[in-house]
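S.K.: My questions are about this predicted structure, shown below with the sequence.
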Amino acid sequence: MTPTESLSITLSVNGATVAREVPARLSLADFLREELRLTGTHLGCEHGVCGACTVLLDGEPVRACLMLAVQARGHSVTTVEGLTPAGGGLTPLQAAFQRHHAVQCGFCTPGMLMTATALLAGNPSPSAEQVRDALSGNICRCTGYVQIVEAVMDAAAGAEA
Amino acid sequence: MKAPPFAYAAPASIEGALALLAAHEDAKVLAGGQSLMPALNLRLAAPSVLVDINAIPELSEVSITPAGLRLGALVRHSRIGTNSAIAGAVPLLGLAYPHIAHGPVRTRGTIGGSLAHADPSAEWPAVCLASDAVMEVRGPGGGRDVPAEEFSLGIFTTAIEPGELLVAIRFPAWPASRRAGFAEVARRDGDFAMVGAAVTVDLGADGTCTDARIVLFGASSRPVRRREAEARLRGQVPGAALLREAASLAAQGIDPPSDLHASAEYRRRVAPVMVRRALADALSLPEARLAS
């Protein structure tokens, strides 16, 4: 096996199959933003601290800045664009973010939504403590955490009702 | 910033990975990427070749036998924390897990990657030292076992030689009489520890301590056993006063670093507190958590 600086990859992004030739050094986040123009995935720190670039890899939350695009070969990636239900509109979680004004500047919002989506998929009725713990790796520099936690709790309660 | 250019290969076998490491002197191994990718993005590392070991199924194997627990090097943090059989086999793993990073990092990060990276403030190396773990290292000449105590050599430095790969971590069977405790202080939940302690205490039928392991981490260039403190517990029935004494002994003579997270003086003050709390929790002596 000879290492190469460029590779062909095929993966699923938001349900659609995507095939591209990419440089090995390209991060998954840059692949999504620059190759696929899915600019909803935001890049804050580019070293795994801020959580803005969180996407789902086979349903699990990962930092898109800490994965190479070539590592997503054969996997299924969901970005914030992929949350939109068929026919448009918002998911109950996104609607709850809107209702609770859980958005100020909006930069951290895609990462918050992806992390909270993964939380609720695995634990449909989390405690506020569990929500805070799950979101602890996502930084909001507007410090709007209270509304964000309220929105996730509200979405969870709505799903239960 | 963006990673510098490199060539990439993802071999499907350990032999394939070793061949690549032999052929490319400055190759780096990519496991979970949660430390290497930041280093690449910040241009702290610029290897010419990355050997991605994520396509080697053998490295993700977990086996639990009467001899103990064996974790492939690529077993991810989240699997250790969510698989109750793993924490059942080595309870200290389950106690340390909540302190390790955040969800999206746990999804990718691996125990082998943490050990090979050897951050002095990382939890897994301390847990391995306190659990008498053995690292299985494979190289071109075959395999060798490295005890945890000889594995971490200093900051970002391990006993892994160029051309070698950490393939698994073996934990000996956990005796029923063994108690464990873990405590650390960090700036935020999930951050690397400023100082922490991982302890195990073996109790005889009459409550006498027959053996103990007290490991401090974040207090020097690698996790360290504090043998004088361990000796103080051996042969005694532990009570609050004895735990306080052992905790003071454990922190004696340490020479911790100063950095932007904490001063050496702060670490020196907090180290015995972490040992005391870990011991108190291990022995279910809540009153021993207090200073006096």
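M.R.: Arrived safely. Nothing here was measured: the structure is a model prediction, and the numbers come from that model.
S.K.: The closest residue to residue B:102 other than its chain neighbours and residue B:1: what is the separation?
M.R.: Excluding its sequence neighbours, the residue lying closest to residue B:102 (CB to CB, 6 or more residues apart in numbering or on different chains) is residue A:137, at 2.5 Å. Heads up, the C-betas are built off the backbone N, CA and C, glycines and all. Relative to residue B:1, residue A:137 is positioned 21 Å away (criterion: CB to CB, to the nearest Å).
S.K.: the more surrounded of those two?
M.R.: residue A:137 (25 against 9; other CB atoms under 10 Å in any protein chain shown).
S.K.: Might one say that the more buried one is in contact with residue B:100?
M.R.: No: in this structure, residue A:137 sits apart from residue B:100 without contact. The criterion is CB atoms under 8 Å, and the distance is 11.2 Å.
S.K.: shared neighbours of those two, which are they?
M.R.: Taking CB atoms under 8 Å, 6 or more residues apart in numbering or on different chains as the contact rule, the neighbours common to residue A:137 and residue B:100 are residue B:190.
S.K.: where do the helices sit along chain A?
M.R.: With helices called from DSSP state H, chain A shows them at A:28-30, A:92-99, A:109-122, A:128-134, A:145-160.
S.K.: who in chain A is up against chain B?
M.R.: Residues of chain A that fall close to chain B, judged by CB under 8 Å from any CB of the partner chain: A:1-5, A:7, A:23-25, A:27, A:30, A:46-48, A:51, A:54, A:57, A:60-63, A:65-68, A:70-71, A:115, A:118-119, A:133-134, A:136-138.
S.K.: Could I get the contacting residues of residue 75?
M.R.: Using chain A here. For residue A:75, the contact set (CB under 8 Å, 6+ apart) comprises A:11-12, A:57-58.
S.K.: wait, I meant chain B there
M.R.: With contact set as CB under 8 Å, 6+ apart, residue B:75 has these partners: B:60, B:62, B:110-112.
S.K.: Any idea what the spatially most central residue of chain A is bridged to?
M.R.: For chain A, the residue nearest the mean C-alpha position is residue A:55 (3.0 Å; CA atoms, centre = their mean). When assigned by DSSP bridges, residue A:55 has beta-bridge partners residue A:62.
S.K.: low-confidence ranges in chain A?
M.R.: A:160-161 (pLDDT under 70).
S.K.: Which residue does it have closest to chain B?
M.R.: For chain A and chain B, the shortest gap (CB to the nearest CB) falls at residue A:137, measuring 2.5 Å.
S.K.: show me what contacts that residue?
M.R.: Residues touching residue A:137, when contacts are defined by CB under 8 Å, 6+ apart, comprise A:51, A:115, B:101-105, B:190.
S.K.: Report the residue spans of chain B with pLDDT below the cut-off.
M.R.: Under the criterion of pLDDT under 70, none of chain B is flagged as low confidence.
S.K.: Next, count neighbours for the closest residue in space to residue B:285 that isn't next to it in sequence.
M.R.: Nearest-residue entry for residue B:285: residue B:240, 5.8 Å, with adjacent residues in sequence omitted and distances by CB to CB, 6+ apart. Look at residue B:240: counted by other CB under 10 Å, it has 18 neighbours.
S.K.: Over to residue B:240: give its phi and psi.
M.R.: For residue B:240, the backbone dihedrals are phi -60, psi -40 (criterion: degrees, to the nearest 10).
S.K.: How much space separates it from chain A?
M.R.: Using CB to the nearest CB, to the nearest Å, we find residue B:240 at a distance of 30 Å from chain A.
S.K.: Dig out what residue B:63 forms beta bridges with.
M.R.: residue B:70.
S.K.: correct me, but it touches residue B:70?
M.R.: Yes: contact criterion CB under 8 Å: residue B:63 and residue B:70 qualify, at 4.7 Å.
S.K.: Compare neighbour counts for those two and give me the winner.
M.R.: Remark: of residue B:63 and residue B:70, residue B:70 carries more neighbours, 19 against 13, as counted by other CB under 10 Å.
S.K.: ok, that one - contacts?
M.R.: Contact partners of residue B:70, counting by CB under 8 Å, 6+ apart, are B:61-64, B:168-171.
S.K.: if I look at it, how far off is residue B:188?
M.R.: Going from residue B:70 to residue B:188 by CB to CB gives 33 Å.
S.K.: what's around the closest residue to residue B:48 other than its chain neighbours, how many residues?
M.R.: Here the nearest residue to residue B:48 in space, its sequence neighbours aside, is residue B:26; by CB to CB, 6+ apart that works out to 5.4 Å. Other residues lying near residue B:26 total 11 when counted by other CB under 10 Å.
S.K.: Assumed residue B:26 was part of a helix.
M.R.: No: for residue B:26, which was evaluated using DSSP: H, G, I helix; E, B strand; the rest coil, the result is coil, with no helix membership.
S.K.: how about it, what does it touch?
M.R.: With contact taken as CB under 8 Å, 6+ apart, residue B:26 is in contact with B:47-49.
S.K.: What subset of those is buried?
M.R.: Neighbour counting by 16 or more other CB atoms under 10 Å in any protein chain shown classes B:47, B:49 among the contacts of residue B:26 as buried.
S.K.: of the contacts of residue B:26, closest to residue B:267?
M.R.: residue B:47 (32.3 Å; CB to CB).
S.K.: So for the closest one, what's the nearest residue that isn't a sequence neighbour?
M.R.: The spatially closest residue to residue B:47, leaving aside those adjacent along the chain, is residue B:28, at 3.9 Å (CB to CB, 6+ apart).
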